[in-house]
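Undergrad: generate coordinates for the sequence data below:
(4 chains)
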Number of protein chains: 4
Amino acid sequence: MIPRYSRPDMVTIWSPETKFRIWFEIEAHACDALAAIGVIPKESAAAVWKARDVTFDVARIDEIEAVTKHDVIAFLTHLAEHIGAEEARFVHQGMTSSDVLDTTFNLQLVRATDLLLVGLDRVLAALKSRAFEHKNTVRIGRSHGIHAEPTTMGLTFARFYAEMDRNRTRLMTARAEIATGAISGAVGTFANIDPSVEEHVCAQLGLTPEPISTQVIPRDRHAMYFATLGVIASSIENIAIEIRHMQRTEVLEAEEFFSPGQKGSSAMPHKRNPVLSENLTGLARLVRMSVIPALENVALWHERDISHSSVERAIGPDTTITLDFALHRLGGLVEKLVVYPENCLKNMNQFKGLVMSQRVLLALTQAGVSREDSYRLVQRNAMKVWEHGADFKTELLGDPEVTAALTPAQIEEKFDIGYHTKHVDTIFKRVFGA
Amino acid sequence: MIPRYSRPDMVTIWSPETKFRIWFEIEAHACDALAAIGVIPKESAAAVWKARDVTFDVARIDEIEAVTKHDVIAFLTHLAEHIGAEEARFVHQGMTSSDVLDTTFNLQLVRATDLLLVGLDRVLAALKSRAFEHKNTVRIGRSHGIHAEPTTMGLTFARFYAEMDRNRTRLMTARAEIATGAISGAVGTFANIDPSVEEHVCAQLGLTPEPISTQVIPRDRHAMYFATLGVIASSIENIAIEIRHMQRTEVLEAEEFFSPGQKGSSAMPHKRNPVLSENLTGLARLVRMSVIPALENVALWHERDISHSSVERAIGPDTTITLDFALHRLGGLVEKLVVYPENCLKNMNQFKGLVMSQRVLLALTQAGVSREDSYRLVQRNAMKVWEHGADFKTELLGDPEVTAALTPAQIEEKFDIGYHTKHVDTIFKRVFGA
Amino acid sequence: MIPRYSRPDMVTIWSPETKFRIWFEIEAHACDALAAIGVIPKESAAAVWKARDVTFDVARIDEIEAVTKHDVIAFLTHLAEHIGAEEARFVHQGMTSSDVLDTTFNLQLVRATDLLLVGLDRVLAALKSRAFEHKNTVRIGRSHGIHAEPTTMGLTFARFYAEMDRNRTRLMTARAEIATGAISGAVGTFANIDPSVEEHVCAQLGLTPEPISTQVIPRDRHAMYFATLGVIASSIENIAIEIRHMQRTEVLEAEEFFSPGQKGSSAMPHKRNPVLSENLTGLARLVRMSVIPALENVALWHERDISHSSVERAIGPDTTITLDFALHRLGGLVEKLVVYPENCLKNMNQFKGLVMSQRVLLALTQAGVSREDSYRLVQRNAMKVWEHGADFKTELLGDPEVTAALTPAQIEEKFDIGYHTKHVDTIFKRVFGA
Amino acid sequence: MIPRYSRPDMVTIWSPETKFRIWFEIEAHACDALAAIGVIPKESAAAVWKARDVTFDVARIDEIEAVTKHDVIAFLTHLAEHIGAEEARFVHQGMTSSDVLDTTFNLQLVRATDLLLVGLDRVLAALKSRAFEHKNTVRIGRSHGIHAEPTTMGLTFARFYAEMDRNRTRLMTARAEIATGAISGAVGTFANIDPSVEEHVCAQLGLTPEPISTQVIPRDRHAMYFATLGVIASSIENIAIEIRHMQRTEVLEAEEFFSPGQKGSSAMPHKRNPVLSENLTGLARLVRMSVIPALENVALWHERDISHSSVERAIGPDTTITLDFALHRLGGLVEKLVVYPENCLKNMNQFKGLVMSQRVLLALTQAGVSREDSYRLVQRNAMKVWEHGADFKTELLGDPEVTAALTPAQIEEKFDIGYHTKHVDTIFKRVFGA
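TA: All right, here's what the predicted structure looks like:
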């Protein structure tokens, strides 16, 4: 976790204070359930809630753990200091550390996901707004980095919207993957703890009981979760790369908002660099790097080993914090992105009329010229534009083989930009609904 | 693709013959739709279907491509050799290569997924069958590779079933992710091709029209798809590792089926090695290695670049072929796995009675002994078993501090194995339904 | 392995014929060594060489393996068909399959590396040649995709040369990593085979005896090897990305060679796409994807397990074949890259004089203006160029605060391009030597 | 960075205080060099050293950066607060931020590497010591997790020593990779700063001047560096997996040291879990996860972009801190590992005499029995041991086909364990030298 790439809300979810608070709640709810089926005295269960408003002392717990070398035992020992040794006697009855740890980890991931959804929604709102704003801002479409045919800036935003909307669906699915809890005792057989305890605790925490756990919650769930975050990160990179391309000096169709007082370079004062989108490119790599270890965590030995634990201590917070930050950075970036419609037009017209080449090709074909000949005719005139800066329409009008097939008016008509934007509404309807 | 790790059905999906067949169908269906809206003559569309039963000549197409350096143009040229240059004139009208390539790739992935589902179902059936067969085969549960408390072999199979069942759901979701097609023309604006063509072609092929494409279908879909295969592979590894552990000489609770004539080692004739599950461990790595490049493929430049293409030429076939093979290898392995219930028991009883330590701990606590004292008492007697091979129950019965809290009958009762298996039915109901 | 991304020389190294040939040589050399120390009869050793010129029948060996399910035993059985069962009796004496398999794999990697070095040398030669050719072709340097200060095209090639030269050194180191052989018998103790056999076989094959093997050669070597290939692939991507940027329509400082007859797009005949460098970007991902499984292969169980084997069957050939192809594709691309010096100049002058801003900043500072004031003065005039297309020098000459510090002649002098290229020779000397 | 997996020495290297200290030194040394060639006044250079003993105020610098949004400018502004605006005027003259940032990052990596070497040396010393201690502790060698032939515990330690020794060499090579510095100014042309400044600064810091930088130091160096750490991590995993196997209940040939007061399980007091080696398995994944982003960082746009920066802010500290911690954890683990030679023997003799099967096979072959017959004879008797617990030697002595070829004395001799350990000295000499 790097402070400069962190938002406090997400950091809080992963604080020791939050963790111990959840541990407490799990233990207290479990005591309630144990009391309900008569395993422990009702008064003992009630007594645990005496610590309801306690902020647990992280330093003290660490101190105890330094001796016991076991974090849950350390916490329970500290809890007893609050509620009394006698009352604490029944806490954690029949449970195993993993019941607490795994349920907590999943609850933290659920909460983290809810924050990620807020960030994703901010990105979606920004993309939608900018899409409608620039629905008809004509811009050259590019394949291979080479001018192809016209499109609009609105379609660019709309495709990112559609992609991020898919990511929203994926994230909801991923949330369901990890919204489970387990209180199944040693090796998950419920030998020492009744399944009703698990049901009660999970219900209180908004989780689903894990159908079959083995002391640990199975890690294929977490693998799927982090893989999903990796996909979202890749989409962030996708948008970031587009913006970086837009902003490069020779293109300059859009630019990151540059606040007064901001300095682009210690050496070159004229520079305005797309540092946010470059940063997002790097942050995407950081989010993605959790995918492989999460996949490697799936294969645990027998009922459980603890190799996954250190991995999750890192990627749990780091990945969600980084992604959360990245989503908000991206949201702000899109919201404030400065678009230059006039530069879009200027770029499109760099090779005069050339972007209409395919239309002419089709027109020739439909006028009865063979595909091969049409291709040859178009390419011959296109090359003059490309190499000598000629005007494509003028060249076509002066090529007798072309004019033998198409009238000047027909040729003229091929250069109407409306031809390329006529389905923008159709596509917007598909993406944003009616 | 390695022949020894390939099944013909899956290989066929990725053959050039299949690919060209799909290309043909896309072009032919597109011609139908173009004819329907009057863009091309109905007879021309009909003429394309003359090639309906043609098996395209891969070598000839390659030959043409060697000149044009463009695969789709090469195919269209070859197609014209079958249906006549005149009739072929309207084929591919307004389309771009990616319309064909991307829709084909997705259709191949859909078909591949349907085969993967067959494999997954085989694995699920095998796991379920073995789970019920060994529902009550008692076995020691292990955490950290160390004996913990009893469980059953059936629960082991049941948890793998539950995991693979989640993978089935994930795979269905992943199938939906890539079951889209796009016929949207250059840079995806439908300028040169009506959206109705896309609708018709997709409907004929069982695909959904991509809401917004940009000449290419967005690659976040494929990233999610391959990430899902990576999770499934990790679950395969999880099962494989369990079997490898079961089979190791000192454990031998189960063994891969060893066919007559099979030789385990050129040097050591007595050896029977878990080579299938070791192989599955490696295959899992191979499937997983496609995840990162698939994620890296998401960020394409502007409306499209072709960097993803070479990656997909490799991971499309290789990953699905390897996973398909692995699923069937795993299915067969589970179906024929030789389980040794007597060894399970022998291992469980290696440290006489020690696996019941937690029960005793709980009993002491409930009998009024403080948690700390209970822990001390149990550990003191447990250590004698661990270090000197003593019998745990005997030691407890001889420990006055223990017998001060528990009667001999109470101690005796703690060593009933039924205590540990009493919720197996509950768990099976959760996993397999009523 | 994808035929279109493969060169025959490298494919041959990984053919079954080559593999069996190496197996034969190992067995034959081992027999010589065994005969030399009297373990087997000299005539038996000599008899093995009867198969010296045999091309082994792959289909026949596969047939035998289908029964024995063991590849080395299948080969030995087939070998006996050539040299006679009696003479074959002593072949493989005291050896284990891994002695043959691992030594063979390493030898194949060594040979593959030697081919990779040829490809790397081709790239180096091309980069050096183009570097000197364009040593003084002035070009704008860019940071963040934004114009910064002038550099030369030759420096661009020179830095790629330096990077690839480092890769050459790394590849030599990686070659040494895997240039070991092991003939150490079961679990590597030499119990059944004298160390002198290993020494002889390795010497004959140009390998170093593995100091301590455990039936297998340790896989940290291969992890390092494939990691090195991954770094080389990343450098290929680095060059490819630069070329893709150079070729984008708005930049066009260089272009991939476009052969007559080549078609850029089925739809847009004027397009010339950087398809080779885009393809290299994808191939780099394919090479890189072997790194993680190679790292995962290091941790084998006890003296050996076979989980690494399926991984290596794939990544051994695939990765070296792809990298070999990529190096030659890159070599050819650089050799024939069409550079447009006039476009380089045109781009540099897009914002008139602005690239000299830092020089002016420094001059102001040295003339006694405070850093903050200098920055403000430069930025104020720079913004006029950026936003209104003004000429930077003209603006400076008209700014009284500037002219209060610098004379017109001093300002004029700051716009001499030679200032930026004065150390090109120094850098070339560092990179290419005297 | 996770506090529980961090050692203070390594954390200090990555503190803001250390970073600013290095920034200061670079600027101050650069001023000296600039003064030496007359670019700035000698007094100004001398004045900078007034801040020689300053501990820079991190909070103040952060405060300034909040306005300037540029870290180096913020630092320089703060530096001016210490040495006076007038004297500070010449600081950073002709330099660019990357000159400072990249040189600093490399210097931090060099120092981190020196610490890693200390950790590696601790591991090497421990492995060597334990290897000699258990040079002749006989232990069964296992392939595929199945008993193979005898080896010794010393050989196990020796092979890890050899592997880690290779890692030491690799780490030294990796150190050289990143031990470069660059003070080459904007886009690396030395236009604004003389190469002699770079030489002086690098010499003072113990770095080599980067032969050709482009404002940034090329990232193939860092890719190679982190890839090397990934290999080392994989070797740590390799050792960890071995220890985890050794400690599993059924094997128990060694055990992690279990300190008094340590609790293995909150539920099962008898448990002693290999938590350190399980933890190392996870830490290895964390170190390895930096490899892919480091490879992805190589391809920067043109002369530089800043996408690598956020990645390195994370993986620079996190990876070196985690690896440093892991090496010391591993060192301590090996130093104190409790080996159980008697259990090693017990395990080896589990299948009475079976581990000698290959020797018998060889003896039969050498006595003139055909390979196929020998194999059949050995396997027939081996199966009786495997399946019915028979004694291998007894069975052989009672098999007339066997005794027809070998005398009882010859058979007897095959069961001498010294046969398997006779080359331990040879191997130790290879690994540890004379």
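
Undergrad: could you pull out the strands for the stretch 151-300 of chain A?
TA: Ranges of strands within the stretch 151-300 of chain A are A:180-181, A:208-209, A:254-255, based on DSSP state E, counting those that start in this stretch.

Undergrad: correct me, but A:Ala30 touches A:Met95?
TA: Yes - under the criterion of C-beta atoms under 8 Å, A:Ala30 makes contact with A:Met95 at 6.4 Å. Where C-beta positions appear, they are placed from N, C-alpha and C, glycine not excepted.

Undergrad: those two - which one has more neighbours?
TA: A:Ala30 (29 against 25; other C-beta atoms under 10 Å in any protein chain shown).

Undergrad: what comes up buried for the host helix or strand of that one?
TA: In the assignment (DSSP states H and E), A:Ala30 maps to helix A:16-36. Of the residues in helix A:16-36, A:18-20, A:22-35 count as buried by neighbour count, 16 or more other C-beta atoms under 10 Å in any protein chain shown.

Undergrad: so for stretch A:372-382, mean pLDDT?
TA: Stretch A:372-382 carries an average pLDDT of 88.

Undergrad: hmm, who's touching that stretch?
TA: Applying C-beta atoms under 8 Å, 6 or more residues apart in numbering or on different chains, the contact partners of stretch A:372-382 are A:354, A:357, A:360-361, A:364-365, A:369, A:390, A:392, A:395-396, A:399, A:401-402, C:263, C:269-270.

Undergrad: just the buried ones among those residues, please.
TA: Judged by 16+ other C-beta under 10 Å, buried ones among the contacts of stretch A:372-382: A:354, A:357, A:360-361, A:364-365, A:369, A:390, A:392, A:395-396, A:399, A:402, C:263, C:269-270.

Undergrad: so what's the residue at minimal distance from the centre of chain A up against?
TA: Computing the C-alpha centroid of chain A and ranking residues by C-alpha atoms, centre = their mean puts A:Ile232 first, at 3.2 Å. Neighbour list for A:Ile232: A:116, A:120, A:167, A:170-171, A:287, A:323 [criterion: C-beta under 8 Å, 6+ apart].

Undergrad: same thing but 6 Å
TA: Counting by C-beta atoms under 6 Å, 6 or more residues apart in numbering or on different chains, A:Ile232 touches A:Asn167.

Undergrad: relative to helix A:16-36, how tilted is the host helix or strand of A:Val67?
TA: According to DSSP H and E, A:Val67 maps onto helix A:58-68. Interaxial angle, helix A:58-68 versus helix A:16-36 (axes from the mean of the first three to the mean of the last three C-alpha atoms, to 10 degrees): 70 degrees.

Undergrad: average pLDDT across helix A:58-68?
TA: For helix A:58-68, the mean per-residue pLDDT is 91.

Undergrad: would that helix count as contacting chain B?
TA: No - Helix A:58-68 lies apart from chain B when judged by C-beta under 6 Å from any C-beta of the partner chain; the minimum separation is 10.7 Å.

Undergrad: coming back round to it: next one, pLDDT for the residue nearest to the centre of chain A please.
TA: With respect to pLDDT, A:Ile232 has a value of 98.

Undergrad: what of the one 10 residues further on?
TA: Here the pLDDT value assigned to A:Glu242 is 98.

Undergrad: report all helices and strands that the longest helix that chain A contains contacts.
TA: Secondary structure assigned by DSSP state H gives helix A:97-133 as the longest helix of chain A. Counting contacts by 3 or more C-beta pairs under 6 Å, 6 or more residues apart in numbering or on different chains; DSSP states H and E, helix A:97-133 is packed against helix A:8-13, helix A:16-36, helix A:153-178, helix A:307-336.

Undergrad: what's the next helix-or-strand element following that helix packed up against?
TA: Per DSSP H and E, the first helix or strand lying C-terminal to helix A:97-133 is strand A:138-143. On a contact count with 3+ C-beta pairs under 6 Å, 6+ apart, strand A:138-143 meets strand A:146-152, helix A:341-348.
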